[in-house]
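Participant: Build me a model:
(chains A and B)
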2 protein chains.
Amino acid sequence: MSKPRVLEFLPLGGVGRIGMNAMLMAYGDDAVLLDCGVMFPEADQLGVDVIVPSLAVLKRWAPKLRAFMITHGHEDHIGALPWALRTVNAPVYATRFTSGLIQHKLREHGLADSTDLRLIAPGKPVTVGPFEFNFLRVTHSIPDCVSLAIRTPVGNVVFTGDFKIESGLRDGCEFDAAGFQAFGKEGVLLMMSDSTNAEVAGWSGSEDKVGAALAEVIAKCAGRVIVTLFASNVYRLHSVVDAAREAGRYVALAGRSLRTYIDTANGFTNMPFAADDFIELKDIARYDDNEIVVVCTGSQAEPRAALARAAQGGHPDLTIKATDTVVLSSRVIPGNERRIHQMLNNLARRGAHVVYSRNDRRIHASGHAAADEQKQLLQWVNPRWFVPVHGEYTFLQRHADLAREVGVQHTLVVENGTRLEVTPDGVRQAELLDVEPWYVDQQLVGDADTLELPQRAQIGWNGVVAVTLRIRRHKVHVSGTSMVKPFGVPHGPGTAADDLRRALDVWIAGLEPKLPDSAIEGQAMQFVRRHIKRVTSRKPVVLAFVHDVGAEPVAATAE
Amino acid sequence: MSKPRVLEFLPLGGVGRIGMNAMLMAYGDDAVLLDCGVMFPEADQLGVDVIVPSLAVLKRWAPKLRAFMITHGHEDHIGALPWALRTVNAPVYATRFTSGLIQHKLREHGLADSTDLRLIAPGKPVTVGPFEFNFLRVTHSIPDCVSLAIRTPVGNVVFTGDFKIESGLRDGCEFDAAGFQAFGKEGVLLMMSDSTNAEVAGWSGSEDKVGAALAEVIAKCAGRVIVTLFASNVYRLHSVVDAAREAGRYVALAGRSLRTYIDTANGFTNMPFAADDFIELKDIARYDDNEIVVVCTGSQAEPRAALARAAQGGHPDLTIKATDTVVLSSRVIPGNERRIHQMLNNLARRGAHVVYSRNDRRIHASGHAAADEQKQLLQWVNPRWFVPVHGEYTFLQRHADLAREVGVQHTLVVENGTRLEVTPDGVRQAELLDVEPWYVDQQLVGDADTLELPQRAQIGWNGVVAVTLRIRRHKVHVSGTSMVKPFGVPHGPGTAADDLRRALDVWIAGLEPKLPDSAIEGQAMQFVRRHIKRVTSRKPVVLAFVHDVGAEPVAATAE
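Facilitator: Residues are numbered from 1 along each chain as shown, chains lettered A, B, ... in the order given. The predicted structure follows:
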């Protein structure tokens, strides 16, 4: 008799820290990655464009990986696909709208031809290895989202992806409460669910009400209205277009990614935009101000996005006027607060009136279920075990509390890297594995060491000094001179290049001639570091070279 | 007849960007600095401990500066005094509690003996040059705050400092509504007022209610309660001590600055703490968990503060337990969100239950007036001109709107560096002056260039390569070898030290012997920079040296 098999889960991201969602699920020789997202760097992560799940771990699992199974098209769920696919070229399963976004991404990365992209849809199960995936319709702030209801050899699993419980959306998609209830009745061994708003009481707001609030703001403005939002929220983009039409305004778009989402909505949803919904941004000056709505990218004040550029006076086709109203119909992603407020300040300096969550709460609603919605879904599914995912650790902890409040017997709060073993008897927390993320820096991708991120932080904080010593060894002493180039070293008494050179020249004369070059190099580094630390309290990185010109080998061999 | 004099104002900080409050006021040959605060750096301002108002500007005004006039003891109002006093040693005027905090600061900086610190108090006017300062009691989140009601040769000026309108505080200090009304009746030409919460509707919450909420939280906990708060809020610290006493708990303190504020409260207010209010932190293990409240520093997750260290398991006397409740009775200062949430995650990982503004709004109240309070004060003072200060630009803009709503005729939104000219006829915006702040990096203080902050950012993002070429010039060619040390350069094909060295050695052989060393140095820098940029898309800083060993001068002179 063979050893009984277990179902394994290994979160590569999204658990304990929000963003970069990627959950490895495996049974025997078959594995599937549930979502494959990116995370954006902190301000002090110098030289990092985007953060992806550990490609080292993915590479180890490559022989078993049968599929990437995607719940929806947000960047924190699909953004890492290009790098993951270059590591392991497995089929990608996604719904229609999501597949449109993925296609666009694959084209940008030259991976469209080599990728096997397969369509999934609610009501049409897909079998991958030992797993039967059923797709349950959920609502969220982007079209065409699904939860995964998975039949596995050890029991049923629900993986919700991101969701809120909403009805009346423009595309007719309704949260499939009955589907969850039915799967729940069948018996669910384990549920994993979106914890983003576990600490927010009540229910999330509805997209309808946001649309009405935006219409109200737009209707009462005398000048132009400039709206920024998450471009992926096609529902809201439609609300803005409708509100503009009602107010007798034309809509212009500023920012490339808006075009991507509109094209994808047109090609891959039942709610396309009309060609005459939009005018060209460069033509807005031909209209009166009260005939214009501009929709911009840049709700997070990304430096190259349209709104941040306009705020700084650097957008060729959008110059902010004192009569403009700028509406941020979006939330502030934690970590972006300062940058966003600087942008708002710059808009205000140009006289614009700024409407944002701090002064009008109605103009945005979260795409994530709040506590009471989460409890509702937990009750419908009624799992034996619950593992909260997608959230900061405190959110997971709170979500587990909510599950216990509605009677879920077993909850487990885990971390990125916690391997879980699931059997019909329950869920067991196995070892904690190293799943340190990888980083994308321009055209390179690698771990922190490969990209020398710690080294960059070190010199960023402390500066650097390059030193070269030209020495000659004599019987009992060493003679020589030095050259020194400090860079990023605070100016203080004795830290200028000439001061350092003079100090080193004196120091050279005290050297012991028997010391090898490498030892002199090390001592020179230490001498310079200490010399500067005394004045600045900072220890610069010293890069030193030693040339012994007494033993000069160059000329003879090169002739 | 001499030219009529004007009253000048020049904001060095706090106007358009929150923090680092410092307002220069001058008339003829007499100037006073109203407040002298610091600001804390952004995460990407590498190597900056604290930001202070331009000491270059202060130095230019030094001959005229008669006083530092301080409204209250928060760091963003007094923190830059040590650096300012080393630049210009003028008398410092402050209320009793504030002077206690300043004394502590001066002792730390060795400036206690050389500083002329003078006490001010409500009801006791002080004349400095042509200015008569009257001090009106205001309430805020720190004891002993005053607004400045200033009689000047051109008219009356009100400078509020930070305030909220609160009553029933433990020290008996009541907001002096009558004083503002009386000064308003006399006629106020110009008012400058705290804009921090202009975008917040209604009234600020009361300290009383926060105290009650804290008492409720503490009363219902079974384990230890760990509270962090702004140490300067002596009122709240008292509330915690009272709540602990009521719940039969002892209070221990973790963090040096708590001691500073308690000592200052004991020596300089009418609300001292009792010696038996506290037990030693190292003794808490002797008590049951339900007998303990620990008050910590570190509400902003400052890395060396008590709570952040405890969250990471690095505090010698405070080990977080799974039964602990941690209460953050404080706001999140924008820019600190990520750091604070990481700390909360770490606390939650140790099992602690975390109570903070996201899951319980009642446990903190702002110290700053909200919109309706600001309007109330504007109505009491009824100034002819209003210039909002202390706030992001959007806050100032909103505060000006509020002033117009209550009938103030003239409002002016200005920036740090905007010089204002005030005459009996009104306020005129003169030129915009350079007031770029200065930076403190460990023991040094200077402008961004002096501290090489742009250079540090540059190498932090791009890395550095040190290169030394050992060459010999021949008739028609150059021979030689190189040594290379990259640091902080992402690893890619051809970017390793050996690869770079080989590429340089080949490049050397193509050099023109007539080129001077400096030209070879420049070309080598460019060669290496381009070589690495091709692979990494990043342009490292290259520090290059050239040694011509054919013209070696060392040995002959050194012998």
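
Participant: Could you say which helix or strand holds the nearest residue to residue A:48 once chain neighbours are set aside?
Facilitator: Once flanking residues are discounted, residue A:48 sits nearest to residue A:41: 3.9 Å by C-beta to C-beta, 6 or more residues apart in numbering or on different chains. (Each C-beta comes from the backbone N, C-alpha and C, glycine too.) For residue A:41, there is no enclosing helix or strand under DSSP states H and E.

Participant: Give the burial count for the residue of the stretch 51-200 of chain A found nearest chain B, as a bare number.
Facilitator: Chain B sits closest to residue A:199 of the stretch 51-200 of chain A, with a gap of 4.7 Å, by C-beta to the nearest C-beta. Residue A:199 has 21 neighbours, counted by other C-beta atoms under 10 Å in any protein chain shown.

Participant: Ok, residue A:187 next?
Facilitator: Residues near residue A:187, counting by other C-beta under 10 Å, number 11.

Participant: what's near enough to touch the residue of the stretch 51-200 of chain A closest to chain B?
Facilitator: A:371, A:394-395, A:398, B:358-359 (C-beta atoms under 8 Å, 6 or more residues apart in numbering or on different chains).

Participant: Could you do residue A:179 as well?
Facilitator: Counting by C-beta under 8 Å, 6+ apart, residue A:179 has contacts A:122, A:134, A:136-137, A:149.

Participant: Next: residue A:313.
Facilitator: A:319-320, A:350.

Participant: Most neighbours out of these, which is it?
Facilitator: Counting by other C-beta under 10 Å, top hit in those: residue A:320 with 22 neighbours.

Participant: Quick check: closest non-adjacent residue to it.
Facilitator: That would be residue A:350: by C-beta to C-beta, 6+ apart, it lies 4.1 Å from residue A:320.

Participant: Please apply the same query to residue A:170.
Facilitator: Counting by C-beta to C-beta, 6+ apart, the residue nearest residue A:170 is residue A:271, at 5.2 Å.

Participant: so who does that neighbour touch?
Facilitator: By C-beta under 8 Å, 6+ apart, the contact set of residue A:271 is A:143, A:170-171, A:234, A:238, A:265.

Participant: Sort out which of those are in strands and list them.
Facilitator: Per DSSP state E, strands hold no members of these.

Participant: so residue A:79 touches residue A:37, yeah?
Facilitator: Yes. Counting by C-beta atoms under 8 Å, residue A:79 does reach residue A:37; the two are 5.2 Å apart.

Participant: if we can go back for a sec, for the contacts of residue A:313, give me TSV that also has secondary structure, pLDDT and distance to residue B:498.
Facilitator: Shown next, in TSV, are these (DSSP: H, G, I helix; E, B strand; the rest coil; pLDDT from 0 to 100; distance: C-beta to C-beta, whole Å):
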residue	secondary structure	pLDDT	distance to residue B:498
A:319	coil	97	52
A:320	coil	97	52
A:350	coil	96	53
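
Participant: any idea which of those is closest to chain B?
Facilitator: Closest to chain B, out of all of those and judged by C-beta to the nearest C-beta, is residue A:350, at 10.1 Å.

Participant: Touching, that closest one and residue A:321? I think so.
Facilitator: Yes. Between residue A:350 and residue A:321 a contact is recorded at 7.3 Å, counting by C-beta under 8 Å.

Participant: Span of stretch A:411-418 from start to end?
Facilitator: One end of stretch A:411-418 to the other measures 14 Å (C-alpha to C-alpha, to the nearest Å).

Participant: who's in contact with it?
Facilitator: The contact list for stretch A:411-418 (C-beta under 8 Å, 6+ apart) reads A:10-17, A:385-388, A:393, A:396-397, A:400, A:403-404, A:420, A:427, A:429-430, A:432-435, B:349.

Participant: what about it, average pLDDT?
Facilitator: Averaged across stretch A:411-418, pLDDT comes to 97.

Participant: Tell me which residues of stretch A:327-346 come out buried.
Facilitator: A:327-332, A:335-346 (16 or more other C-beta atoms under 10 Å in any protein chain shown).

Participant: can you give me the strands in the stretch 351-500 of chain A?
Facilitator: A:353-355, A:385-389, A:391-392, A:410-411, A:418-423, A:426-432, A:438-441, A:444-446, A:464-473, A:478-487 (DSSP state E, counting those that start in this stretch).

Participant: Identify the bridge partners of residue A:327.
Facilitator: residue A:227, residue A:355 (DSSP bridges).

Participant: quick one: it from chain B, how far?
Facilitator: Going from residue A:327 to chain B by C-beta to the nearest C-beta, to the nearest Å gives 13 Å.

Participant: Quick one: residues contacting that residue.
Facilitator: Contacts of residue A:327 by C-beta under 8 Å, 6+ apart are A:214, A:217-218, A:225-228, A:355-356, A:363.

Participant: and the residue most central in space within chain A, what pLDDT?
Facilitator: Nearest residue to the geometric centre of chain A (C-alpha atoms, centre = their mean): residue A:39, 2.0 Å. Looking at residue A:39, its pLDDT is 96.

Participant: Mind listing the residues bridging to it?
Facilitator: Beta-bridge pairing of residue A:39 under DSSP bridges involves residue A:51.

Participant: you'd agree it is up against residue A:77?
Facilitator: No. With contact defined as C-beta under 8 Å, residue A:39 does not reach residue A:77; the gap is 11.2 Å.

Participant: ok, back up a step: compare the contacts of residue A:179 and tell me which is most surrounded.
Facilitator: residue A:149 (26 neighbours).

Participant: Beta-bridge partners for it, please?
Facilitator: Applying DSSP bridges to residue A:149 yields these beta-bridge partners: residue A:134, residue A:158.
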